[in-house]
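Trainee: What follows is a predicted structure for the sequence shown.
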Amino acid sequence: MPSSYRSEAGYNYDPAYTSMAHSWSTGPTSSLITRLLGLRITTDQGRTWEMKPTLGAGGLRHVQGGFETPLGRFEAEWRLLSGGHAAVVRIKSPKGTRGRFIAPFSQFASSSFQTGWIEGTGDWIDHHIGF
């Protein structure tokens, strides 16, 4: 049998070995960031972006994540507060970018900031949402 990556690290040429280091296996990471966390870029390199969190999905109370583009690092997190009827959403985007925040359940949200545009500053911006 020819030498291959399976021969190293004790895999003994096992054809059942599946590497998780291939791009086809990164789908869950992308979905968790763009759907569950709610942060996604909407134009080239993230000059514009959107934050539309899915609060409380799957019983989760806190989610955070981020990614890099040539413009810089994008980060976000959301956390349900005790009682589950309010949340804090935090967003950090590179200076010179512009994003749209869409509050979940915006028709029910009591936030003074339900939907609107945010200028990227490179610093954290917090939003408190009640629903």
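Mentor: Sure thing, it's come through. Numbers count the residues shown, from 1 in each chain.
Trainee: Mind checking what secondary structure residue 118 has?
Mentor: The three-state assignment at residue 118 reads strand, by DSSP: H, G, I helix; E, B strand; the rest coil.
Trainee: actually residue 76, sorry about that
Mentor: strand.
Trainee: now do residue 33
Mentor: Secondary structure, three-state DSSP: residue 33 is helix.
Trainee: Skip the chain neighbours and tell me the closest residue to it.
Mentor: residue 65 (4.8 Å; Cβ to Cβ, 6 or more residues apart in numbering). Every residue, glycine included, has its C-beta placed from N, CA and C.
Trainee: and the one you found, what pLDDT?
Mentor: For residue 65, the pLDDT comes out at 95.
Trainee: Bridging across strands, which residues link to it?
Mentor: On the basis of DSSP bridges, residue 65 takes part in beta bridges with residue 76.
Trainee: Pull the contacting residues for the residue most central in space within the chain.
Mentor: Geometric centre of the chain, nearest residue: residue 33, 2.6 Å, by Cα atoms, centre = their mean. By Cβ atoms under 8 Å, 6 or more residues apart in numbering, the contact set of residue 33 is 39, 40, 65, 66, 67.
Trainee: So for stretch 38-50, first residue to last residue, what's the gap.
Mentor: When the termini of stretch 38-50 are compared using Cα to Cα, to the nearest Å, they are 8 Å apart.
Trainee: lowest average confidence, helix or strand, in this structure?
Mentor: helix 27-31 (a mean of 80; mean pLDDT, DSSP states H and E).
Trainee: For that helix, which outside residues touch it?
Mentor: Against helix 27-31 from outside (Cβ under 8 Å, 6+ apart): no residues.
Trainee: Right, I'll call it a day here.
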